[in-house]
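> Here's a sequence, model it:
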Amino acid sequence: MTGSSVKTIRYYDEIGLLKPTEYTEGGHRLYTSDDIWRLELINTLRYLDFGIDEIHQLIAGELTVEKALAWQIESLETQANTIANMISILRQAEARGDDSLHYIHDLVNARTINIENRKQFIADKVEEANLFEGIPSEWRDPLLYHFNKYVVHQPKTSAKQTAAWQELQELMNDPQFIADLKQVKLGFSRIVQQPRYNAETWRNKLEHIQERLNHAWKNKCTADSKVVQSIVEDMAILYTNSDQLDPDEDFFRHYVEYFESTQTKHLERCNTLCAIISPQYHQLYKGNLLLYKGIQWRIRQK
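Below is the predicted model:
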């Protein structure tokens, strides 16, 4: 009736997306008309290429319909640009006749931006915008560490990833994007005081914290869980002044302000494009979102 297989419905039950109203003594799932409507809604969203995670957030009320639709439109626009780019390559190759395979190879290579070119582009934009003004040189690489690791140093790029990088370049040339980044920098300067570690040690500890956040996100830990709250404490210690034994509550408020300053239209689009270029970057973003929720929970307890 819904067009969903038993295997699919069982999977939705296992991941908590669609739980039956009750089970029979024999273990069979029983669904009400409301459950069926929810399944039809899930099928509709899947048809529109929404991911399971986004559907779960929508149904749980963690993601607004407005934002979900905006994200999905952006995602489909990127896919459309990718397909248009691929069609252009194939049509040009078609006109070459017998030499078409070699021509496809040359065209794809010409349109794919290599790592060195990406690094140079980012370095030029950082210098042009004076983003690191007032920041010691030894701290600049650590601050860009994850972006460089997952986005700039992405070894292989598909047609979709290439299109995303090209759009990312256009976005970085937008004055409003640079203005948004400078606001983020101001927020960041409020949470970073006098770190108790040198730049390299700080970067390594941050990497370890991000791994823990990724693990917590994958295991669906909640913001109030001991796992997440332990990470919140360690993150605060990493950022706060070397003279402080315990993180100041002001740190947590400043961190929330800093995170919320990254939620502009241009910066959210940047995150979307980075997630297309690198799935690992998507995990990084989800982990940081969990950290933000964990800090919000802690503040509410005071």
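
> Please make it C-alpha for all contacts and neighbour counts, starting now.
OK.

> so for the helix or strand harbouring residue 271, what's the average pLDDT?
Secondary structure assignment for residue 271, by DSSP states H and E: helix 265-277. The pLDDT scores in helix 265-277 average 89.

> So which elements touch that helix?
On a contact count with 3 or more CA pairs under 8 Å, 6 or more residues apart in numbering; DSSP states H and E, helix 265-277 meets helix 65-94, helix 159-172, helix 175-191, helix 279-300.

> how much space is there between residue 222 and residue 294?
8 Å (CA to CA, to the nearest Å).

> Now list whatever residues contact both of these two.
residue 228 (CA atoms under 8 Å, 6 or more residues apart in numbering).

> Between these two, which has more neighbouring residues?
residue 294 (23 against 16; other CA atoms under 10 Å).

> Nearest residue to the more buried one in space, ignoring adjacent ones along the chain?
Among residues not flanking residue 294 along the chain, residue 223 sits closest, at 4.2 Å (CA to CA, 6 or more residues apart in numbering).

> wait, that neighbour sits on residue 229?
Yes - counting by CA atoms under 8 Å, residue 229 is a contact partner of residue 223 at 7.2 Å.

> how close does residue 79 get to residue 161?
10 Å.

> neighbour-wise, which of those two wins?
More crowded of residue 79 and residue 161, by other CA under 10 Å: residue 161, with 23 against 17.

> Let me see the contact set for that one.
Residue 161 makes contacts with 276-277, as judged by CA under 8 Å, 6+ apart.

> Report pLDDT for it.
What the model reports as pLDDT for residue 161 is 81.

> start the count at 46, not 1, going forward
All set: I'll call the first residue 46, so the last point we hit is now residue 206.

> From residue 220, how far out is it?
Residue 206 is 24 Å from residue 220, by CA to CA.

> cool, residue 95 as well?
31 Å.

> higher neighbour count, those two?
A side-by-side neighbour count of residue 95 and residue 220, using other CA under 10 Å, places residue 95 first with 18 against 11.

> Assign that one to helix, strand or coil.
coil (DSSP: H, G, I helix; E, B strand; the rest coil).

> In stretch 276-285, which residues are buried?
276-278, 280-285 (16 or more other CA atoms under 10 Å).

> Same list, those residues, but as CSV with distance to residue 304, secondary structure and pLDDT please.
Formatted as CSV, the buried residues of stretch 276-285 follow (distance: CA to CA, whole Å; DSSP: H, G, I helix; E, B strand; the rest coil; pLDDT from 0 to 100):
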residue, distance to residue 304, secondary structure, pLDDT
276, 16, helix, 94
277, 14, helix, 93
278, 17, helix, 90
280, 14, helix, 87
281, 14, helix, 85
282, 17, helix, 82
283, 16, helix, 82
284, 14, helix, 78
285, 16, coil, 72
